[in-house]
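Participant: Need coordinates for the following:
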Amino acid sequence: MREETVRADITVVGGGLAGVSAAIAAARLGRTVSLVNNRPVLGGNSSSEVRVWVCGATAHGTNRYARETGIMGELFVENQYRNPDGNPYIWDTVVLEAVRAEPNIRLFLNTDVHEVEADGDEHDRTIRSVTGWMMGSERRIRFESDLFLDCTGDGLVGFLAGAKYRIGREAKHEYDEEWAPEVADDITLGSTLLFYTKDAGQPVKYVPPSFTKNIEQTSIPMRRVIRSGDSGCHYWWIEWGGELDTVHDNERIRDELWSVIYGIWDYIKNSGKFDAANMTLEWVGSIPGKREYRRFVGDYVLNQNDILAQREFDDGVAIGGWSIDLHPPQGMYAAESGSKHLYADGVYHVPFRSLYSVNVRNMLMAGRDISASHVAFGTTRVMATCAVIGEAAGTAAALCAAKGVAPRQLYAEHLGELRQTLLRQDASIVGLRNADGRDLALGARATASSSLAALGVERAGGERHRLARDAALLFPVEPRLDGIELLIDADAATTVNVELWDTGRKENYVPHTLRAKASASVRPGEKQWVRFGLTWEPGEPQNAFVVVKANAAVQLHHAAEPLSGVLIFFKGEEPQVPVNLEEKKPDQPIVLWRMNRKARQPFCFRADPSTSAYAPDKAVNGYHRPYGGPQQWMSAPMRDGAEEWLQLEWDRPSKLAELHLTFNDDVNEDLINLHHHRTPFEIVPELVRNYRVEARVGGEWRTLLRETGNRKRKRVHRLAEPVEADRLKVVVEETNGSRYAEIVEVRAYGPDGAGA
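Facilitator: Below is the predicted model:
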């Protein structure tokens, strides 16, 4: 046996997406990191060992403009390019390569941490080291750091360190949560095993193993949805163990899940009820995907009311948007639906105080073990949300290490710096504005070769939508709206009614308050531009949610292309998923108003007067995500072979050493790591493909850099030598398919601000 000691600024235990994001975030800020994982692959429940889809704030397209940016966003976009078919093994390599790209990270796979050295009393503990056994290598490794991150999911490190934690459900009175039980208990969400199937191209027999459960003697065939063509996360409801101890009874839970998986396959293959003669089992999981165990107590416990109210925290460091998604304790054997869902009207915010321990001074946590009630955990537990929380915790740990402070002191004394650092790194924060005094772009005047001023999409794509139910368009209003036109087909003479609603909060995309109504008479005929006298001057830039009321005699035309900042909605009534799988309250606005995977096909419309929502100054106004409008510069449609540019100008020359360019990767597009769905493109079309950066130095223009084949949202360019320039120009030569040049943000730093 080999005894080793490894010293780093920060030790991250747990290599799921929370731990990976935390380690990368800290490493990029110059800290040395030990990333320790007890499995041979990274990614946790998303890895090829478990194969759970990475869900997050988009809620599979339910929330708008909600896809994660920062490190999780990079993983989504890169996987989209490399792995559009959702191969779990390729996803493993995408995650692994992201870690290996950081020279400040030392990665320790197959290393099971089960010893923690900590001292102090129960109210004030300090972790000194953790020790792990590297399986297959006979290495016992002691990891020493000033900061430790428990990203283990089950919370083993914090438990061994004496951190305060909870298991199970709090009583309703504790946080006044509607969905909490009257009396506290130790019930948790259960664990799941998944399986893959494939068509073998020839008949395949199936002889079930002896431990197979006859599911026809259970309620499963009646209570759940079984189809021969489904596999993977379509069977997320194969869940059990919520009434057991999901850690200590892990082996028992796995055996029960195995018996049901093989029983389901026996039912599909041998019951005669399915067309499955050529189907065979390709893969069956062997590691239960755990949903819940310990949740540590921090300085703040996030609860149901915070989620539903979308509470704005002064220390908000991440967003979520998945529903509060709770499952019955009996799992797959329950009589009720496999899950029940409760949504906020948009994304919610996660406070930093929920990411560090209340009594272990140098421990942060990220993932499903953060400081949240059981009900709030029902949404924070999904992996993309765990990842953005990990990025926040890793960033905080890096700042703590640099300043020699504990997380609580960072919150008290350096909170603004933490949030601005996250914003600078393109992390998933909504509504926070860039206030970085070192960013020279904030003091520049922005101009452009052109800007989109005529708001609308006029070119029809050939597909029409009959108004059997209400439908809607969302678009920015800046500074005012005098009216809109819609491209309409009418079977007979009729009257079409429209309503204009605001969205309430700027991060929401649902109707909130009725602002105006209008009607128009329509004669029979096709492709008529019909004007509606909707007027609204909101006082500050906002989105308008325009509802076109149901009229079965009318059809609207879908446009041939999308337009950033414009969304489409359909008002639904029947559930999208069978009620024996998911129970959703039908009056929840974001459930009621759906995009139905038509997000890139808005209705043809024209709005007047001209808009300033896409003006050049939007690229330097401090926002890096949609918020009450698209918050980006966007050119007029590019002519073939023509270039578009955005220019920053200073009154006197500024010394430039580092440039940050953020391009539009359409955070409304729901990307996925595995096979939930496939988008028609491998690179987001709105992303700028080829560009160059020029600077005016001493009255003459100089090309500083040129990039081709770009497929990333955020690019940071450190100049080999600083230049003193009074103008900076980003020239868009070509996009990845869009007719518009789009830049979300430009930042410029001098030598003193570079790399900070």
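Participant: Tell me who's in contact with the closest residue to A57 other than its chain neighbours.
Facilitator: Counting by CB to CB, 6 or more residues apart in numbering, A57 lies nearest to G321, which is 3.1 Å off, once chain neighbours are set aside. Backbone N, C-alpha and C define where each C-beta goes, glycine included. Neighbour list for G321: 56-59, 62-63, 66, 344, 346-348, 379, 385 [criterion: CB atoms under 8 Å, 6 or more residues apart in numbering].
Participant: Which of the residues you listed sits closest to Y356?
Facilitator: Closest approach between the contacts of G321 and Y356, by CB to CB: T385, at 17.6 Å.
Participant: list the helices and strands the helix or strand of the chain with the lowest mean pLDDT packs on?
Facilitator: The helix or strand of the chain with the poorest confidence is strand 582-584; it has a mean of 82 (mean pLDDT, DSSP states H and E). Using 3 or more CB pairs under 8 Å, 6 or more residues apart in numbering; DSSP states H and E, the elements in contact with strand 582-584 are strand 339-342.
Participant: For the residue lying closest to Y356 once chain neighbours are set aside, give me the backbone phi and psi.
Facilitator: Distance criterion CB to CB, 6+ apart; nearest residue to Y356, sequence neighbours excluded, is P407 at 3.6 Å. Main-chain torsions, P407, degrees, to the nearest 10: phi -60, psi -40.
Participant: didn't P407 look like it was pressed against L364?
Facilitator: Yes - assessed by CB atoms under 8 Å, P407 is found in contact with L364 at 5.6 Å.
Participant: So the two - more neighbours on which side?
Facilitator: Higher neighbour count among P407 and L364: L364, with 32 against 26, using other CB atoms under 10 Å.
Participant: ok, what's across the strand from the more buried one?
Facilitator: Beta-bridge partners of L364, counted by DSSP bridges, are L149, Y356.
Participant: is the nearest residue to C604 once chain neighbours are set aside in a bridge, and if so with what?
Facilitator: Nearest in space to C604, with sequence neighbours left out and distances taken as CB to CB, 6+ apart, is L487 at 3.8 Å. Listed by DSSP bridges, the beta-bridge partners for L487 are W529.
Participant: how far away is L487 from E643?
Facilitator: Using CB to CB, to the nearest Å, L487 is found at 31 Å from E643.
Participant: Settle it for me: which of the two has more neighbours?
Facilitator: Shown here are L487 and E643; by other CB under 10 Å, L487 has more neighbours (24 against 16).
Participant: Now the helix or strand following the least confident helix or strand of the chain: average pLDDT?
Facilitator: Downstream of strand 582-584, the first helix or strand assigned by DSSP states H and E is helix 589-592. Per-residue pLDDT over helix 589-592 has a mean of 92.
Participant: Can you name the residues in contact with helix 589-592?
Facilitator: 59, 62-63, 341, 343, 345-346, 509-511, 571-572, 584-586.
Participant: what helices or strands is the helix or strand just after that helix leaning on?
Facilitator: Counting by DSSP H and E, the next helix or strand C-terminal to helix 589-592 is strand 593-594. For strand 593-594, the packing partners by 3+ CB pairs under 8 Å, 6+ apart come out as strand 567-571.
Participant: could you redo the last one with a cut-off of 10 Å?
Facilitator: The helices and strands touching strand 593-594, judged by 3 or more CB pairs under 10 Å, 6 or more residues apart in numbering; DSSP states H and E, are strand 471-477, strand 567-571.
Participant: Keeping just the C-alphas, turn the longest one into PDB.
Facilitator: In other words, strand 471-477. C-alpha atoms of strand 471-477 as PDB (Å, rounded to 0.1, in the frame of the first residue of the first chain):
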ATOM      1  CA  ALA A 471     -52.100  31.500 -29.200                       C
ATOM      2  CA  ALA A 472     -49.600  34.200 -28.400                       C
ATOM      3  CA  LEU A 473     -46.500  36.100 -29.400                       C
ATOM      4  CA  LEU A 474     -44.000  37.700 -27.100                       C
ATOM      5  CA  PHE A 475     -41.700  40.500 -28.300                       C
ATOM      6  CA  PRO A 476     -39.800  43.400 -26.800                       C
ATOM      7  CA  VAL A 477     -41.400  46.800 -26.500                       C
END
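Participant: mind checking how far that strand is from the chain centre?
Facilitator: 23 Å (CA atoms, centre = their mean, to the nearest Å).
Participant: That strand - which strands sit beside it in the sheet, and in what orientation?
Facilitator: strand 542-548 (antiparallel), strand 567-571 (antiparallel).
Participant: Point out the most buried one among the ones you listed.
Facilitator: Neighbour counts (mean count of other CB atoms under 10 Å) averaged over each of the strands paired with strand 471-477 peak at strand 542-548, with a mean of 24.
Participant: Can you name the element that comes right after it?
Facilitator: Next element after strand 542-548 (DSSP H and E): strand 551-559.
Participant: buried set for that next one?
Facilitator: Under the neighbour-count criterion of 16 or more other CB atoms under 10 Å, strand 551-559 has N551, A553, V554, Q555, L556, H557, H558, A559 buried.
Participant: any idea of the pLDDT on the fifth one?
Facilitator: Okay, so that is L556. So L556 comes in at 98 (pLDDT).
Participant: right, and it touches D489 too?
Facilitator: Yes - applying CB atoms under 10 Å, one finds L556 in contact with D489, separated by 8.0 Å.
Participant: Mind listing the shared neighbours of those two?
Facilitator: Common neighbours of L556 and D489 are listed as R464, H465, R466 (criterion: CB atoms under 10 Å, 6 or more residues apart in numbering).
Participant: Give the ChimeraX command for selecting the buried subset of those.
Facilitator: The ChimeraX selection below is limited to those of those classed as buried (16+ other CB under 10 Å):
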select :464,465
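Participant: hey, C-alpha coordinates of stretch 592-603 in PDB?
Facilitator: Presented in PDB, the C-alpha positions along stretch 592-603 are these (Å, rounded to 0.1, in the frame of the first residue of the first chain):
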ATOM      1  CA  LEU A 592     -50.800  26.400 -19.600                       C
ATOM      2  CA  TRP A 593     -48.800  28.400 -22.200                       C
ATOM      3  CA  ARG A 594     -46.500  26.000 -24.100                       C
ATOM      4  CA  MET A 595     -44.000  26.400 -26.900                       C
ATOM      5  CA  ASN A 596     -44.800  22.900 -28.300                       C
ATOM      6  CA  ARG A 597     -41.300  22.800 -29.800                       C
ATOM      7  CA  LYS A 598     -42.200  25.600 -32.200                       C
ATOM      8  CA  ALA A 599     -39.900  28.100 -30.500                       C
ATOM      9  CA  ARG A 600     -38.000  28.700 -33.700                       C
ATOM     10  CA  GLN A 601     -41.200  29.200 -35.800                       C
ATOM     11  CA  PRO A 602     -42.900  32.300 -34.500                       C
ATOM     12  CA  PHE A 603     -46.000  33.700 -36.200                       C
END
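Participant: quick check, nearest of the buried residues of strand 551-559 to V6?
Facilitator: Distance to V6 across the buried residues of strand 551-559 (CB to CB) is lowest for A559, with 56.3 Å.
Participant: Okay, and the beta partners of the closest residue to the closest one other than its chain neighbours?
Facilitator: Leaving aside its sequence neighbours, A559 sits nearest to V457 (CB to CB, 6+ apart; 3.9 Å). Beta-bridge partners recorded for V457 (DSSP bridges): F605.
Participant: dump the residue contacts of V457.
Facilitator: V457 touches 473, 475, 487, 557-563, 566, 601-606, counting by CB under 10 Å, 6+ apart.
Participant: Can you say which of these are buried?
Facilitator: Members of the contacts of V457 classed as buried by 16+ other CB under 10 Å are 473, 475, 487, 557-559, 561-563, 566, 601-606.
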